[in-house]
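>>> Dropping a prediction and its sequence here:
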Amino acid sequence: MKRREFCKTAVAAGTLASLPMSQAMAAALDALSVLSSITATRLTGEQTIIDKAAVKELRDSLQGQLLMPGNGAYDVARRLWNGMIDKHPALIAFCANADDIAHAVSFASDYELLVAIKGGAHSFSGKSSCDGGLMIDLSGMKGIEVDAEKRIARVQPGVLGGELDVQTQLHGLAAMTGTVAHTGIAGLTLGGGLSRVSRKYGLMIDSLRSADIVTADGRHRHASADENPDLYWALRGGGGNFGVVTSFEYDLHPVGPEVLAGSVVYPYEQGRDLLSFYQDFAADAPDELNVAFSLGTSPEGERSVSINIIYVGDPAAGERAIEPLRKYGRPMSDSTGLMQYNSLQTGADEALRHGLMYYLKSGFIDEFSPELIDDLLGNLPRDAAVLVFTDHLRGAIARVGQDETAFAHRNAFALIGVLGVWAEPARNEANIAKVRGYYNSWHDHTIGYYTNLNEEGEKRTHSNYGPNYPRLAKIKNRYDPKNMFRLNANISPSG
């Protein structure tokens with residue numbers, strides 16, 4: 001008998017969890033009873049009037065809810081993870097299923113409305129929402145189906161990485177679910193999907209078997225190697241440019257439930273020698289070992305360098321692999337040891353919780369050269385709000401050809417980013433400038449960027465996809481010729 005587990009949450013979960021469904025529906029009905037029309041923003045940026053009958057027709061077509069200004073559920077649903085973002089859609093379609101998504105997309109197409117797609121709401125730049133347009137909210141679509149024998153998971157687009165981890169770890173399996181558990185799997189996947197175990201098993205898109213999607217014409221399509229293969233290719237790294245994915249099917253891989261992981265922390269003064277050693281050590285590491293570093297400042301002003309490791313495989317082999325690192329220099333602390341994989345995955349959740357202010361810049365690099373190390377260490381602000389992080393790449397990531405998926409940075413050695421995190425909105429301007437200034441001191445060493453993290457203009461987006469961009473533009477022309485799905489690392493249909 002096949003071992004299967006199916007986990008679904010009610011439609012009211014996610015962003016509307018704090019508001020009872022009956023109350024939310026009553027508020028929505030009340031708002032419709034007093035509004036004669038709605039002013040909304042079109043793709044052109046112009047304003048349009050949508051009459052009450054059309055809004056009612058959309059509401060009646062949904063098994064989920066239609067939310068708008070004036071009811072309590074609307075203000076819950078429009079909130080995003082990044083507390084700096086405060087946008088007000090004209091309408092929010094809180095979708096219960098794939099048909100709801102199709103109705104919402106068709107409505108947006110008919111009125112040529114600006115559209116935002118919200119899954120986990122983790123877009124740093126706030127592309128999960130919009131002012132005056134239609135937000136298609138997927139956060140209530142929480143279905144997870146795990147086939148442990150076949151090592152396959154089928155997942156709806158409102159699922160968060162940590163929710164998927166909980167279900168897969170019951171069987172000692174994992175998907176490539178990123179590094180913060182409350183990140184949505186949809187946006188993570190479509191941009192490539194870096195994880196702590198990607199050196200061993202590749203990007204999340206490398207485990208994507210198929211996807212169901214609603215394209216700009218409102219049609220349901222299936223994308224796989226055998227069906228709509230051009231769309232399948234584009235979805236693996238091309239972002240949300242081609243439609244709204246309604247379900248994902250992933251291969252799963254053996255991980256945990258315990259892994260060898262932890263951090264070795266060094267004084268900042270040892271940084272230059274340490275990072276020179278790190279470059280050679282990380283370059284020779286086996287695929288099972290992910291070894292990254294971070295730079296930061298304590299609230300008391302003490303700066304340090306942390307080497308963060310996870311080993312996927314036999315812990316004894318992992319101990320042997322990290323021994324040179326643990327013996328190097330004069331570390332301040334060493335926390336490496338066996339730990340639950342899910343504990344590692346959720347370790348940053350509180351520090352990166354919803355509602356704080358976030359700003360980030362990042363880029364891929366070929367190596368940690370002496371010049372880059374000098375720039376990183378010499379220019380780091382002495383401010384606890386600013387953190388430098390890295391992702392250790394190559395391994396299985398680089399064994400997929402550059403043109404096999406839309407993701408173009410297969411051969412990068414690492415991703416490096418600078419993240420600003422603070423609680424007080426009054427510090428926004430100064431801290432954004434601080435992050436940008438530090439990034440500008442070393443970004444000339446980068447060779448492109450991870451689209452899931454950065455917001456860049458069309459010219460840089462074009463170059464960031466390298467030789468894959470012309471093919472992506474042709475696929476965009478076919479599936480979204482009016483560029484309805486533009487709130488992303490946008491690929492112009494005219495490209």
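Okay, I see it.

>>> Identify the residues contacting the spatially most central residue of the chain.
Compute the mean C-alpha point of the chain, and by C-alpha atoms, centre = their mean the closest residue is residue 188, 3.3 Å away. Contact criterion C-beta atoms under 8 Å, 6 or more residues apart in numbering gives 120, 122, 161, 177-178, 204, 452 as the residues in contact with residue 188. C-beta coordinates here come from the backbone N, C-alpha and C atoms, glycine included.

>>> make it 10 Å
Residues touching residue 188, when contacts are defined by C-beta atoms under 10 Å, 6 or more residues apart in numbering, comprise 119-120, 122, 160-161, 175-180, 194-195, 203-205, 452.

>>> Also residue 82?
The neighbours of residue 82, taking C-beta under 10 Å, 6+ apart as the test, are 121-126, 128, 354-360.

>>> Weed out the non-buried ones from these.
By neighbour count, with 16 or more other C-beta atoms under 10 Å, these hold 121-126, 128, 356-360 as buried.

>>> distance of residue 374 from residue 272?
Between residue 374 and residue 272 the computed distance is 7 Å (C-beta to C-beta, to the nearest Å).

>>> which residues of the stretch 301-450 of the chain fall in helices?
Assigned by DSSP state H, counting those that start in this stretch, the stretch 301-450 of the chain shows helices spanning 315-327, 341-345, 370-379, 428-440.

>>> closest to residue 156 out of these?
In terms of C-beta to C-beta, the element of the helices of the stretch 301-450 of the chain nearest to residue 156 is helix 341-345, at 19.6 Å.

>>> buried set for the closest one?
Of the residues in helix 341-345, those with enough neighbours to count as buried (16+ other C-beta under 10 Å) are 341-342, 344-345.

>>> Now do that helix, average pLDDT.
When the per-residue pLDDT values of helix 341-345 are averaged, the result is 97.

>>> Output the contacting helices and strands for that helix.
For helix 341-345, the helices and strands in contact under the criterion 3 or more C-beta pairs under 10 Å, 6 or more residues apart in numbering; DSSP states H and E are helix 161-169, strand 173-174, strand 258-267, strand 303-311.

>>> looking at the ones you listed, which is buried most?
Here the criterion is mean neighbour count by mean count of other C-beta atoms under 10 Å, and of the helices and strands packed on helix 341-345 the winner is strand 173-174, at a mean of 24.

>>> Tell me how the protein divides into domains.
Structurally, the chain divides into domains by automatic domain parsing as follows: 4-137, 144-254+463-479, 258-445.

>>> could the ones you listed go into a markdown table alongside distance to residue 493?
Compiled in a markdown table, these are given as follows (distance: least, C-beta to C-beta, whole Å):
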| stretch | distance to residue 493 |
| --- | --- |
| domain 4-137 | 12 |
| domain 144-254+463-479 | 5 |
| domain 258-445 | 16 |
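
>>> Please identify the most buried of the ones you listed.
domain 144-254+463-479 (a mean of 22).

>>> Centre of the chain to that one, how far?
Its chain's average C-alpha position is 11 Å from that of domain 144-254+463-479, according to C-alpha atoms, centre = their mean, to the nearest Å.
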